[in-house]
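Chemist: Please work out how this folds:
(chains A and B)
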Amino acid sequence: MTTDHDTPDDLRYAASHEWLRRDPEQPGEATIGITDYAQDQLGDVVYVALPAVGEAVGPGAACGEIESAKTVAEFYAPVGGTVIAANDDLEEHPELVNESPYEDGWLIRLRIADEAGIDDLLDAAAYRAQLPES
Amino acid sequence: MAGLGGSSGELTPLTLRERHAALGARFAPFAGWEMPLQYEGIVAEHEAVRERVGVFDVSHLARAWLRGPDAAAQLRSVTTFDVTRLPEGQAHYSLYCNDRGGIDDDVFIYHLPGERWLVIHNAANAAADFERLRAVAGDAASEETAGTVMLAVQGPDAPALLSAVLGEGFGALAPRDCAELDWEGTPVLVARTGYTGEDGGECIVAADRAEALWDALVAGGATPAGLGARDTLRLEAALPLHGNDIDATTHPYEAGLGFAVTLDDEAPFTGRAALAAAKARPRTRRLAHLVAQERGVLRAGYDVHEPGGDAAVARLTSGAFSPRLRRGIGMAYLPVRLAKPGVKLTVDVRGRALPVEVVRRPFYRPGRQS
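Modeler: Predicted structure coming up:
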């Protein structure tokens, strides 16, 4: 497969293929999702299990599962925090993770517990550089 | 994310590998072969087969031939179905059983004119299966997997496509009929069989003409479909997969495969005594069909429980997300008291008790809705 995967420049990334977008209006909050590369590797997403609002998640800890037609994968919180929203649209439309991984297919919003953890995340160029050669 | 990626060792590439790669195939190892897992996506390919027509490269299936006047009796001595009753030009499902009545493999047997018999073996069992034939037929058995390509064309539009490409000879075939058709000077062995629950056919053609046949089928509208869709399609149709749902420890009657066992002749065949005894005994368990009642995907290996029960009553032998039902589906050998439509159970989906209900097979019965 020689598809080029979308990696928006304004996001931060974990090597485990999650992205994080800081909210410009609410700097202490961030939206989390999985990358275009990750959704492409998973294939058709058919079910997403998300953490409950109010749940505390540790940096790098598994906080939910994404099931595709062929496999199941856990996703990790790129930084520690408290879940303040989960994307309920995914219950009826899990395919949004495939169709719009950076917008409508977001997974959770976090109140960030440790701002410094964001500095450890990759920028788009660094994330792109560590993707496997296709 | 965890669970992405994988590695593979030494694999046999398909003759049409470059065709698949050019169509965007993702490859995965399967029984020593490098197989297309998917092209545009499992669900899209699944739906293409259910709605229109798809083409699968199933050249990993082993193709063994038996020839000569003794071939029918030799085959009968190692398989459960009485193939001596199979007329020329017809194919039938059969089993290779062991002495305990367990299923060493499930096979398809084609009777062709001129005392020629073709047996299709699962890739994972190909070596042992061929040895079984050699043991009774010697040099009259030959494996001719290399040098040919096998394509499955499946879906409601498959008969029209196969007739358009191969000629009207295909249209004359009834289900499970087989024939050798002349395709632009090339012989193509074609049977009205498949593994999706849909109408269609399976074609075997010489490797040097395989690209042309593949191209003609794709140009005629067939959607390339991979092993991922093949698995979800066969599971929706409740067709067992050897190695998952049936194996050397399961017998045909508990698997619902009694139709593939002939006991009303006196012919001795491997496993006959054990199968006769198994048929006469009451069943203790039966391969049952489960549908998830909530969101979640069933997968092979997950434990099945009675609601609130600590001890597992069974383990899923297959499981998938059904694109047609939009639910998780799976199969498991349940104790007979639970293997009844309407029985409510739970499946342990990584710690969550997902409610499931036993249903009649198949999960999905093809038929044009429009």
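Chemist: In the stretch 101-250 of chain B, which residue sits nearest chain A?
Modeler: Closest to chain A within the stretch 101-250 of chain B is B:Gly228: 5.3 Å, counting by C-beta to the nearest C-beta. (C-beta placed from N, C-alpha, C; glycine too.)
Chemist: That residue: which element?
Modeler: If you go by DSSP states H and E, B:Gly228 is part of helix B:227-236.
Chemist: so what does that helix touch, helix or strand wise?
Modeler: strand B:33-38, helix B:42-51, strand B:54-57, strand B:314-322, strand B:327-335 (3 or more C-beta pairs under 8 Å, 6 or more residues apart in numbering or on different chains; DSSP states H and E).
Chemist: Would you tell me which residues of chain A are close to chain B?
Modeler: Those residues of chain A that sit near chain B, judged by C-beta under 8 Å from any C-beta of the partner chain, are A:1, A:3, A:16-18, A:34, A:38, A:41-44, A:46-47, A:62, A:65-67, A:69-76, A:91, A:132.
Chemist: same thing but at 7 Å, please
Modeler: By C-beta under 7 Å from any C-beta of the partner chain, the residues of chain A that approach chain B are A:1, A:16-18, A:34, A:38, A:41, A:43-44, A:46-47, A:67, A:69-75, A:91.
Chemist: ok, back up a step: highest average neighbour count across the helices and strands packed on helix B:227-236?
Modeler: Of all the helices and strands packed on helix B:227-236, strand B:54-57 carries the top mean neighbour count, a mean of 28, counting by mean count of other C-beta atoms under 10 Å in any protein chain shown.
Chemist: Now find how far off-centre that one is within its chain.
Modeler: Put simply, strand B:54-57 sits 13 Å off its chain's centre (C-alpha atoms, centre = their mean, to the nearest Å).
Chemist: The helix or strand just after that strand - what's its average pLDDT?
Modeler: Remark: after strand B:54-57, the chain's next helix or strand is strand B:62-67, criterion DSSP H and E. Across strand B:62-67, pLDDT averages out at 97.
Chemist: check contacts around the residue most central in space within chain A.
Modeler: Residue closest to the average C-alpha location in chain A (C-alpha atoms, centre = their mean): A:Gly33, at 2.1 Å. A:Gly33 is in contact with A:Glu18, A:Trp19, A:Pro101, A:Tyr102, A:Gly105, A:Trp106, A:Leu107, counting by C-beta atoms under 7 Å, 6 or more residues apart in numbering or on different chains.
Chemist: hang on, B:Leu118 packs against B:Leu66?
Modeler: No - B:Leu118 is beyond contact range of B:Leu66, at 8.2 Å (criterion: C-beta atoms under 7 Å).
Chemist: Identify the spatial nearest neighbour of the residue of the stretch 101-250 of chain B closest to chain A, chain neighbours not counted.
Modeler: Among residues not flanking B:Gly228 along the chain, B:Ile42 sits closest, at 3.9 Å (C-beta to C-beta, 6 or more residues apart in numbering or on different chains).
Chemist: now swap in B:Ala128 and tell me
Modeler: Using C-beta to C-beta, 6+ apart and skipping residues adjacent in sequence, the residue nearest B:Ala128 is B:Asp104, 7.0 Å away.
Chemist: Give the burial count for A:Cys63, as a bare number.
Modeler: A:Cys63 has 24 neighbours, counted by other C-beta atoms under 10 Å in any protein chain shown.
Chemist: Phi and psi next, for it.
Modeler: phi -130, psi 10 (degrees, to the nearest 10).
Chemist: Might you report the residue contacts of it?
Modeler: A:Pro51, A:Val57, A:Phe75, A:Tyr76, A:Ala77.
Chemist: roughly how far apart are B:Pro13 and B:His20?
Modeler: Between B:Pro13 and B:His20 the distance is 9 Å, computed by C-beta to C-beta, to the nearest Å.
Chemist: State the distance from B:Gly348 to B:Arg285.
Modeler: Gly isn't right for residue B:348; it's Asp. 19 Å.
Chemist: looking at it, the residue of the stretch 101-250 of chain B closest to chain A is touching A:Ser68, isn't it?
Modeler: No - if you go by C-beta under 7 Å, B:Gly228 and A:Ser68 don't touch, sitting 9.7 Å apart.
Chemist: if we can go back for a sec, and the residue of the stretch 101-250 of chain B closest to chain A, how many residues sit next to it?
Modeler: For B:Gly228, the number of neighbouring residues by other C-beta under 10 Å comes to 27.
Chemist: If you average pLDDT per helix and strand, which one of chain A comes out bottom?
Modeler: Ranked by mean pLDDT, DSSP states H and E, the weakest helix or strand in chain A is helix A:116-119, scoring a mean of 90.
Chemist: residue of chain A with the smallest distance to chain B?
Modeler: A:Ala73 (3.6 Å).
Chemist: Is that residue in contact with A:Leu42, as I believe?
Modeler: Yes - under the criterion of C-beta under 7 Å, A:Ala73 makes contact with A:Leu42 at 6.1 Å.
Chemist: Which neighbours do these two have in common?
Modeler: Common contact partners of A:Ala73 and A:Leu42 (C-beta under 7 Å, 6+ apart): A:Ile66.
Chemist: And these two? Which one has more around it.
Modeler: Higher neighbour count among A:Ala73 and A:Leu42: A:Leu42, with 24 against 21, using other C-beta under 10 Å.
Chemist: how close does the spatially closest residue to that one that is not a sequence neighbour sit to B:Gly54?
Modeler: Distances taken as C-beta to C-beta, 6+ apart put A:Ser68 closest to A:Leu42, at 4.1 Å, once the chain neighbours are dropped. Remark: distance between A:Ser68 and B:Gly54 (C-beta to C-beta) = 19 Å.
Chemist: And B:Gly24, by the same measure?
Modeler: On the measure of C-beta to C-beta, B:Gly24 and B:Gly54 end up 15 Å apart.
Chemist: swap in B:Ala288?
Modeler: In terms of C-beta to C-beta, B:Ala288 sits 28 Å off from B:Gly54.
Chemist: For B:Ala277, what is the enclosing helix or strand?
Modeler: Per DSSP H and E: helix B:272-280 holds B:Ala277.
Chemist: Just the helices from chain A, written as ranges.
Modeler: A:36-42, A:89-92, A:96-99, A:116-119, A:124-129 (DSSP state H).
Chemist: which regions of the chain lie under the pLDDT threshold?
Modeler: I went with chain A, as the question did not name one. Low-confidence segments of chain A (pLDDT under 70): A:1-3, A:134.
Chemist: let's do chain B instead
Modeler: For chain B, the stretches with pLDDT under 70 are B:1-9, B:368-370.
Chemist: Let's see that with 90 instead.
Modeler: Along chain B, the model assigns pLDDT under 90 to residues B:1-10, B:168, B:266, B:295-296, B:308, B:350, B:366-370.
Chemist: out of all of them, which helix in it is the longest?
Modeler: helix B:126-137.
Chemist: Buried residues of that helix, list them for me.
Modeler: Within helix B:126-137, the residues that count as buried by 16 or more other C-beta atoms under 10 Å in any protein chain shown are B:Ala126, B:Asp129, B:Phe130, B:Arg132, B:Leu133, B:Val136, B:Ala137.
Chemist: now stretch B:93-100
Modeler: Buried, per 16+ other C-beta under 10 Å, within stretch B:93-100: B:Tyr93, B:Ser94, B:Leu95, B:Tyr96, B:Cys97.
Chemist: Ok, stretch B:185-193 next?
Modeler: By neighbour count on 16+ other C-beta under 10 Å, the buried set for stretch B:185-193 is B:Val188, B:Leu189, B:Val190, B:Ala191, B:Arg192, B:Thr193.
Chemist: Which helix or strand contains B:Asp105?
Modeler: strand B:103-112.
Chemist: What strands flank that strand, and is each parallel or antiparallel?
Modeler: Using DSSP bridges, strand B:103-112 pairs in its sheet with strand B:90-97 (antiparallel), strand B:116-121 (antiparallel).
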